[in-house]
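> need coordinates for the below:
(one chain, ligands or ions: 1)
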Amino acid sequence: MDIQRVGIVGCGLMGSGIAQCAAEAGCQVWVKEAEESFLAKGLARIHGAWDRAVAKGKVTEGQRSAWQKNLQGTLSFATLADCDLVVEAIPERLDLKLQTFAELDRILGPAAILCTNTSSLSVAQIGPVLEPTRLGRFAGLHFFNPVPVMPLVEIIRTLATTEETLAALRGFVQGLGKTAVMAPDAPGFVVNRLLVPYLLDAIRCAEQRLATPEDIDAAMKLGCGHPMGPLHLSDFIGLDTMQSVAEVLFDAFGEPRFKAPSLLRQLVASGRLGRKTGSGFYRWEGEKRLEALSL
Ligand code: 3HC
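Numbering: from 1, shown residues only. Below is the predicted model of the structure:
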């Protein structure tokens with residue numbers, strides 16, 4: 001199956017990144033948001049990235065205008081009716097996801113593939129709201145932040161996902177210029193199961209004053225060649241997201257290494273969610289990390 005028409009539900013950081021990559025890959029993309037202001041913000045993020053690419057001389061004006069033509073916003077599920085693939089990228093609330101998938105299943109044609117970009121929920125848990133005939137064409141498609149840059153996508157199959165669907169998704173991921181790995185439908189899939197305990201341990205090190213946040217980050221960046229230190233990366237991912245992923249992993253495995261440290265909970269409770277709120281372990285000005293804040 002050749003995926004050409006793609007719907008993305010949710011135009012936040014992940015949804016807009018997926019929409020951007022699909023439009024750049026030549027797909028016809030409709031991105032759906034619940035409110036005009038969210039849609040405008042998400043589309044502005046994508047158009048801003050394309051403008052910066054033209055300004056840097058990495059992309060021609062012609063290329064940008066072709067990409068712009070491939071991308072449209074909508075507030076209505078009905079606009080997605082002709083899509084070959086719809087990827088859901090809304091907040092990590094099961095109730096919202098179930099409503100969204102029930103609606104998508106109702107309006108989409110029988111051959112369409114439905115995917116969730118959930119980073120922590122069980123993919124199979126969403127299945128019961130789908131018609132039994134759709135289950136073979138339902139899977140997880142987990143992207144990484146920042147989506148336009150990170151080359152990995154985890155494909156998560158349920159017991160019902162067909163080989164034909166997996167082949168179509170592998171082809172789609174390859175068309176985006178990214179690499180797919182098959183991941184189990186188990187909490188954290190592969191990447192978050194390994195990454196999150198490491199990040200939580202770094203937070204415990206900061207909590208125990210083992211070293212300053214800057215030194216913890218410098219140690220892992222320079223000592224291990226990581227692109228960002230773990231506290232910097234936690235701010236980048238969002239401390240609220242980190243806490244909710246940790247809760248899902250701890251509920252599932254009950255191992256102390258998955259438990260959200262009290263420092264993480266305190267930062268979240270005080271509204272220091274990382275880059276997106278301008279403060280977390282560090283102070284932020286947009287994308288720019290500034291000094292470490294007191295803990
Ligand atoms: N959006 C789009 N593009 C971005 C970007 C963003 N937020 N940040 C950087 N870029 C682009 C830049 O424009 C630049 O592009 P260019 O080479 O065409 O000019 C390129 O990326 C490199 O950027 P910089 O030179 O500014 O900075 P770095 O070399 O430090 O790279 C980074 C930035 C790619 C974000 C790098 O620091 C990195 O890989 N960090 C780790 C990110 C990571 O681990 N992500 C996974 C998070 S876990 C997750 O998403 C799972 C979820 O379920 C929680």
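> for the residue of the stretch 151-295 of the chain found nearest the ligand, grab phi and psi.
Here the stretch 151-295 of the chain gets closest to the ligand at one residue, residue 227, 3.6 Å apart by CB to the nearest ligand atom. Every residue, glycine included, has its C-beta placed from N, CA and C. In terms of degrees, to the nearest 10, the main-chain angles of residue 227 are phi -70, psi -30.
> which residues sit in contact with it?
Residues in contact with residue 227, defined by CB atoms under 8 Å, 6 or more residues apart in numbering, are residue 221.
> walk me through the domains of this protein.
5-183, 192-290 (automatic domain parsing).
> can you get me a residue count around residue 210?
When neighbours are defined as other CB atoms under 10 Å, residue 210 has 11 of them.
> pretty sure it is touching residue 216, no?
Yes: between residue 210 and residue 216 there is a contact at 7.3 Å, judged by CB atoms under 8 Å.
> quick one: low-confidence parts of the stretch 151-295 of the chain?
Judged by pLDDT under 70, the stretch 151-295 of the chain has no weakly predicted residues.
> helices of that one, residue ranges please.
163-175, 191-207, 213-224, 230-237, 239-253, 262-269 (DSSP state H, counting those that start in this stretch).
> please identify which of those is closest to residue 19.
Counting by CB to CB, residue 19 lies closest to helix 163-175 out of those; the figure is 13.4 Å.
> which residues belonging to the closest one are considered buried?
165-166, 168-169, 172-173, 175 (16 or more other CB atoms under 10 Å).
> also stretch 67-79?
The neighbour-count check on stretch 67-79 (16+ other CB under 10 Å) flags 67, 70-71, 73, 77, 79 as buried.
> which of these fall in strands?
Assignment to strands by DSSP state E places the following of those there: 71, 73.
> identify the farthest-apart pair in the buried residues of stretch 67-79.
67 and 77 (24.1 Å).
> how about the residues of this protein that lie near the ligand?
Within the chain, the positions adjacent to the ligand are 49, 56, 58, 119, 144-146, 148-150, 192, 227-228, 233, 237, 241 by CB under 6 Å from any ligand atom.
> can I get the buried part of those residues as one PyMOL selection?
Those of the residues of the chain next to the ligand that count as buried under 16+ other CB under 10 Å are selected in PyMOL with:
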select buried, resi 49+119+144+145+148+192+233+237+241
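> of the residues of the chain next to the ligand, which pair is most distant in space?
56 and 192 (31.7 Å).
> count of neighbours near residue 255?
What residue 255 shows, counting by other CB under 10 Å, is a neighbour count of 10.
> and for residue 36?
10.
> ok, the residue in the chain that the ligand sits nearest to - contacts?
Closest to the ligand within the chain is residue 119: 2.9 Å, counting by CB to the nearest ligand atom. Residue 119 is in contact with 92, 142, 189, 192, 241, 245, counting by CB under 8 Å, 6+ apart.
> and the first one, helix, strand or coil?
What that stands for is residue 92. Look at residue 92: counting by DSSP: H, G, I helix; E, B strand; the rest coil, its state is coil.
> so what's it scoring on pLDDT?
Residue 92 is assigned 88 on the pLDDT scale.
> not counting sequence-adjacent ones, nearest residue to residue 130?
Using CB to CB, 6 or more residues apart in numbering and skipping residues adjacent in sequence, the residue nearest residue 130 is residue 105, 4.9 Å away.
> wait, that neighbour sits on residue 129?
Yes: applying CB under 8 Å, one finds residue 105 in contact with residue 129, separated by 7.0 Å.
> burial of residue 30, as a residue count?
22.
> please report phi then psi for it.
phi -120, psi 120.
> wouldn't it be in contact with residue 7 here?
Yes: assessed by CB under 8 Å, residue 30 is found in contact with residue 7 at 5.0 Å.
> which residues are common contacts for those two?
79-80, 83.
> columns pLDDT on top of the residues you listed, output as JSON lines?
Shown next, in JSON lines, are those (pLDDT from 0 to 100):
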{"residue": "79", "pLDDT": "97"}
{"residue": "80", "pLDDT": "98"}
{"residue": "83", "pLDDT": "98"}
